[in-house]
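Visitor: Here's a sequence, model it:
(2 chains)
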Amino acid sequence: MFAVARTFALIGVAAEPVHVEVDIGSGLPSFTIVGLPDVAIRESRERVRSALVNSGFTYPQHRITANLAPADLRKAGPGFDLAIAAALLVASGQLPQRVLDTYALAGELALDGAIRPVPGALAMAEGAREWGIRGVAVAPGDAAQAALVEGLEIVSIEHATRLRDLADGSIEPVPAAAPPDPPTDDLPNLEDLRGHPALRRCLEIAAAGAHSILLIGPPGGGKTLALNRLPSLLPPLSRDEVIEVTRIAGVCGENGAPRVRRPFRAPHHTVSGRALVGGGSPPRPGEVTRAHRGVLFLDELGEFRRDALEALRVPLEEGAVTITRTTGTVSLPCRFMLVAASNPCPCGNGPDSGECNCHPGAVSRYMAKLSGALADRIDITIGVDPPPPEQLSDERVEGSAAVRERVVHARRAQEGRLGPGRANADMTPGELRRHCALEAAPRRTLEAGQRKLGLSARGWDRCLRLARTIADLAGEERIGVEHVSEALEKRRRPER
Amino acid sequence: MSARPEACPDCLRRAWLIGELAGHIEKAADNRAGSRAHELLALADDRLAEAMAGPRAGVVLERAARRRPRRLRDEIAGVGAWACCRHDGLYPGALSALGDPPAVLFGRGDPELLTGLAAERMVTIVGSRRASAYGREIATKLGLELASAGLDVASGMAIGIDSCAHRGALDGRGLTVAVLGCGVDVPYPPRHTRLYEEIVGRGLVIAELPPGTTVRRWTFPARNRIMAALSRMTVVVEARERSGSLITAEMAHDLDREVGAVPGRVGSSPAAGTNALLRDGASVIRGAEDVLDSMIGVGFDPARARAPRGPALEPELTGVLALVEEGSMSADALARASGLGPGALAAALVQLELAGYVRSDAAGRYERTSLAAPEPA
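Guide: Okay, here's the model as predicted:
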């Protein structure tokens, strides 16, 4: 009258193993769930009872106790329904024990017995492989993501009645699948960006080295249009990266097909610091983690809350967010590319435009916000003005595909130096010394920049990284004067 | 003989009376930027107290009469300042043209410099606080070249044009006079504290209000009348419509002083006020030589005489420099106009910036500096 099913609780972007123990004893009919469940799990009693009855099983009229172990781990969400139901059926003798020995189960039950997808199927599949379980039974909507994990039997089960088939072994496992190739031509294309030669160049450099970039200019100048076209320039994700990105998306409740595209996250400027970097109990990924291996786009940077921007500093530096709670520490990955756009002043016209009516103090506060929190983290800054209309129509411009080819080529050189998945933007100081040694002439240029343009020590390093990327784009192993000069032009200027 | 400015007891009491009534004057000036302050300051002590303090006039006047000159002088010396009343020999004669000259000028800086002050050798440069980069550049250049030519530069130390004029004059190793609308010991605006210290060290800071007085709306036009009276010529570099600097220009005009204005783009709002001045007959000021023409004589060009020249440039860079010279532009606009590839253009701009010919602002726009290019060989 006792059975144990296996399932998972999500902590950060990983799945922790959880045993669901169900005991059916004598006493007045009741159903109790213990083991730090949240409200959604407690309500699971009603779903499980209705689902079992509506699927032709018998709901035992006894005293039922379900325990979610380990008992001190806080558990949340409806994903435990299927495991509880299966353990209940085994404990009441309606299903053979074999089901629970072979599979971990994760799914939410509908009242009619249908099984719904739950967040984090891929993370759970990885957890199951580590745990040494032969297979995982999930809802059909979760199967595609879970099947990315190799060496595991993924079974798609759409209704509670199929639990019997699962016990017979008559359900064919979903074949392990390589991630599909991303469609290439449905992203916003760079050929829409006309009349901005310098801006196009900046986007190309940023994409080639995963450098952070800030666009400053009046509304209607093409800032947002340009940055929305950045994803089409980025190199495709590798297989390992697809798994990382899909795992994070899945944990955040994005079910369905694997994520083969680099994420592009654009939180609104009212976002809080916690929503940006993640947190809560149990810890949930924030926007920076959801942008892992992709792009975090902050439009109207000057309007963001100061504390939210401050909170970005450490994640940008470390490539990971560490959330510490009394129950333990969770580390969430966040290697993303920061792209931002801002007006030059609160009214948007720019203090030199002749149209600006902002108070001088307000303008300098606005600029201080741009340069304050993130000053040392932005590699490329460029002013963007609306081009004259005659430039818009007849200019011949390259499309995204041609630019992406150069970007991919430059990234290949970087991965050769730094390792897979790495780019120039995250070179460590040691790597910087090894791979960015300057000859006499370019060094003189950089020194002149430090002396006359007020380049800081951090600015020096940033300039070197950028020069490395510019040389990579040119296919050159040595960094020349022209590469350093161009990198210097992209630096952040001090506010007046 | 070392000059020691003095102030007589009555004049000191007058200054403190105005300081005490500052709040009342603010109300009486009806919040219309002190339009009536001019008339009020022309009133005698008793009339002023009566008009401002009403029933409390007696109390105020009595308190003024009881102020002991020694205590007041100690207070002035305590903040490192000096006072010079209109009965003193060192009081700038130019101010007597005013119907309501300040009873006392409080000052910081070397009082010896007072002896050399003469309207004939001084130019007042004023303009908008919300100035464009163009306006600030012109103001700095005017200050520098006029100071190098041996003229003194007066201004109000405000954000924008004023501070640039002071900065230029200091860079040109000339004498600059800052006229404040608050106590002479109050560096206002606070962000110019360093500029204030520098002017105290090498020039003069003067004010009409007693030490410790804070700014009020009416004190700005009151200070403007002193600036207008101090010099033969007032130059407005950039002013919007209804800008405070237009008040200075109007006062200068009323005092029969020259008024000049720097032309701006038609339709540009930072220059709407200056362009209107030009329409109304102000002299066109294109640079220091135009000021010197009316101040000293025709045809003097200080820039040609002493401006430094930058290093020689390759032809490609000269082409880009010519484009920047046409107006401040973003890298995008320059890339479109130059026909260079964006990479080559960026490199060229940095070379020009390192050579000192152009500068870029926080938003990445490029503009020409005042550094002269070498003569073509």
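Visitor: In the stretch 51-200 of chain B, what residue spans correspond to strands?
Guide: Assigned by DSSP state E, counting those that start in this stretch, the stretch 51-200 of chain B shows strands spanning B:82-85, B:104-109, B:122-126, B:152-155, B:176-180.
Visitor: Between these, which one is closest to A:Arg74.
Guide: Proximity to A:Arg74 (Cβ to Cβ) singles out strand B:176-180 among these, at 64.0 Å. (Each C-beta comes from the backbone N, C-alpha and C, glycine too.)
Visitor: could you say which helix or strand contains residue 17?
Guide: Just so you know, I chose chain A. For A:Pro17, the enclosing helix or strand under DSSP states H and E is strand A:14-25.
Visitor: that's the wrong chain, I wanted chain B
Guide: Using DSSP H and E, the element containing B:Leu17 is helix B:9-28.
Visitor: so what does the next helix or strand after that helix touch, helix or strand wise?
Guide: Per DSSP H and E, the first helix or strand lying C-terminal to helix B:9-28 is helix B:37-41. When contacts are defined as 3 or more Cβ pairs under 8 Å, 6 or more residues apart in numbering or on different chains; DSSP states H and E, helix B:37-41 packs onto helix B:9-28, helix B:45-53, helix B:219-230.
Visitor: Show me what the residue positioned nearest the centre of chain B bridges to in the sheet.
Guide: The residue lying closest to the centre of chain B (Cα atoms, centre = their mean) is B:Ser155, at 1.7 Å. Beta-bridge partners for B:Ser155, by DSSP bridges, are B:Ala178.
Visitor: was I right about it contacting B:Val123?
Guide: No: applying Cβ atoms under 8 Å, one finds B:Ser155 not in contact with B:Val123, separated by 9.3 Å.
Visitor: Quickly list what's touching both of these two.
Guide: Counting by Cβ atoms under 8 Å, 6 or more residues apart in numbering or on different chains, B:Ser155 and B:Val123 have no contacts in common.
Visitor: about what we covered before: turn the strands of the stretch 51-200 of chain B into a markdown table, columns for mean pLDDT.
Guide: Shown next, in a markdown table, are the strands of the stretch 51-200 of chain B (pLDDT from 0 to 100):
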| stretch | mean pLDDT |
| --- | --- |
| strand B:82-85 | 93 |
| strand B:104-109 | 94 |
| strand B:122-126 | 95 |
| strand B:152-155 | 94 |
| strand B:176-180 | 95 |
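Visitor: Nearest to B:Pro210, out of the ones you listed?
Guide: Using Cβ to Cβ, the strands of the stretch 51-200 of chain B put strand B:104-109 closest to B:Pro210, at 6.7 Å.
Visitor: got the angle for the closest one vs helix B:219-230?
Guide: 80 degrees (axes from the mean of the first three to the mean of the last three Cα atoms, to 10 degrees).
Visitor: what residues does the stretch 101-250 of chain A put near chain B?
Guide: A:195-202, A:216-217 (Cβ under 8 Å from any Cβ of the partner chain).
Visitor: 6 Å instead, please
Guide: A:196-199, A:201, A:216 (Cβ under 6 Å from any Cβ of the partner chain).
Visitor: Highest neighbour count among those?
Guide: A:His196 (32 neighbours; other Cβ atoms under 10 Å in any protein chain shown).
Visitor: Which per-residue confidence value corresponds to that residue?
Guide: pLDDT, A:His196: 89.
Visitor: dump the residue contacts of it.
Guide: Contacts for A:His196 (Cβ atoms under 6 Å, 6 or more residues apart in numbering or on different chains) come out as B:Asp332.
Visitor: how far away is it from B:Leu230?
Guide: 50 Å (Cβ to Cβ, to the nearest Å).
Visitor: and if you look at A:His269?
Guide: In terms of Cβ to Cβ, A:His269 sits 49 Å off from B:Leu230.
Visitor: same question, A:Asp379
Guide: A:Asp379 is 50 Å from B:Leu230, by Cβ to Cβ.
Visitor: can you check A:Pro218 too?
Guide: 40 Å.
Visitor: Show me what from the stretch 151-300 of chain B comes close to chain A.
Guide: Applying Cβ under 6 Å from any Cβ, we find that the stretch 151-300 of chain B lies next to chain A at B:159, B:268-270.
Visitor: and with 7 Å instead?
Guide: Residues of the stretch 151-300 of chain B lying close to chain A (Cβ under 7 Å from any Cβ of the partner chain) are B:159-160, B:265, B:268-270.
Visitor: Helix, strand, or coil at B:Thr234?
Guide: strand (DSSP: H, G, I helix; E, B strand; the rest coil).
Visitor: Done for today, thanks.
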